[in-house]
Structure formats: structure tokens, C-alpha cells
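Undergrad: need a structure here:
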Amino acid sequence: IQELENRPNYYKKYWLRLVVIGVLVTLIAPEYTRYSKYNRIKYESLIEFFDYNYPLCYTVVAFSYIVLCVIMLLTFTIQDKKKLKKLKEERDMIDLFRN
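TA: Sure, this is the predicted structure:
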């Protein structure tokens, strides 16, 4: 219980890493293409998909990364609160039977 309550917020602790990774993903992802090794097909990159509209492509990738981070933040926060509540209930039950 003490460990969960004192655990620092992941985003506050590693904000610089998240920004650097976000910048790298935003710069690399739109131009990334892959080839299928089985049928030799070249899949189009995001820039080709958006018809070479660079600002729109980079904005979509950056917005997607931000949305993913927000979803992770909300999910982790809810999971931690549920786990903390469950642990406190177990502690209360143990204390009840001790007395």
C-alpha cells in the first residue's frame, strides 16, 4: 500500500524521455515504409498515403502519439486506484480479524 501511494507519477518522472520519443516517432513514422518478404510488395508510407501533405501527416502522427499517452495515463491511474482500494480492503479485513 505504501509503495503504491508513494509511487511517483510516470509522466512527471519521465517527461523528457516521452518528449524525445514523441519527437523521434513524429519525424520517423511518416516516412517509414516496409516491404513484404513473401510477395515482394512495397507498402506505401504515411506521406504517400496522405498524398505528400507533410504538415497533415506529421500532425496526425503527433496527435496520435499524444492520444496514446493520455489513454495510457488514464488507464494506469485507474488501475493503480483499483489496486490500492483492493489492498486497503484486504488490510481492513485482516485488522478486523486480529481484533
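Undergrad: Leaving out sequence neighbours, find the closest residue to the one residue sitting closest to the centre of the chain.
TA: The residue lying closest to the centre of the chain (CA atoms, centre = their mean) is Cys69, at 3.9 Å. With sequence-adjacent residues excluded and distances taken as CB to CB, 6 or more residues apart in numbering, Cys69 is closest to Leu18, at 6.5 Å. Where C-beta positions appear, they are placed from N, C-alpha and C, glycine not excepted.
Undergrad: helices or strands up against the host helix or strand of the residue nearest to the centre of the chain?
TA: Counting by DSSP states H and E, the element that carries Cys69 is helix 54-98. Helices and strands touching helix 54-98, by 3 or more CB pairs under 8 Å, 6 or more residues apart in numbering; DSSP states H and E, are helix 2-6, helix 10-13, helix 15-28, helix 46-49.
Undergrad: Name the SS class of Tyr52, please.
TA: Under DSSP: H, G, I helix; E, B strand; the rest coil, Tyr52 falls in the coil class.
Undergrad: So what's the residue count around it?
TA: Neighbour count of Tyr52, defined by other CB atoms under 10 Å: 10.
Undergrad: Can you tell me how far it is from Glu44?
TA: Tyr52 sits 11 Å away from Glu44, going by CB to CB, to the nearest Å.
Undergrad: shouldn't the residue nearest to Cys69 be in contact with Leu24?
TA: No - checked against CB atoms under 8 Å, the pair Leu18 and Leu24 is beyond contact range at 10.9 Å.
Undergrad: Those two: which has the busier surroundings?
TA: Taking neighbours as other CB under 10 Å, Leu18 and Leu24 compare with Leu18 leading, 16 against 10.
Undergrad: so where's the chain shaky on pLDDT?
TA: 1, 4-5, 8, 36, 99 (pLDDT under 70).
Undergrad: one more time with 80, if that's ok
TA: 1-14, 34-42, 50, 52, 95-99 (pLDDT under 80).
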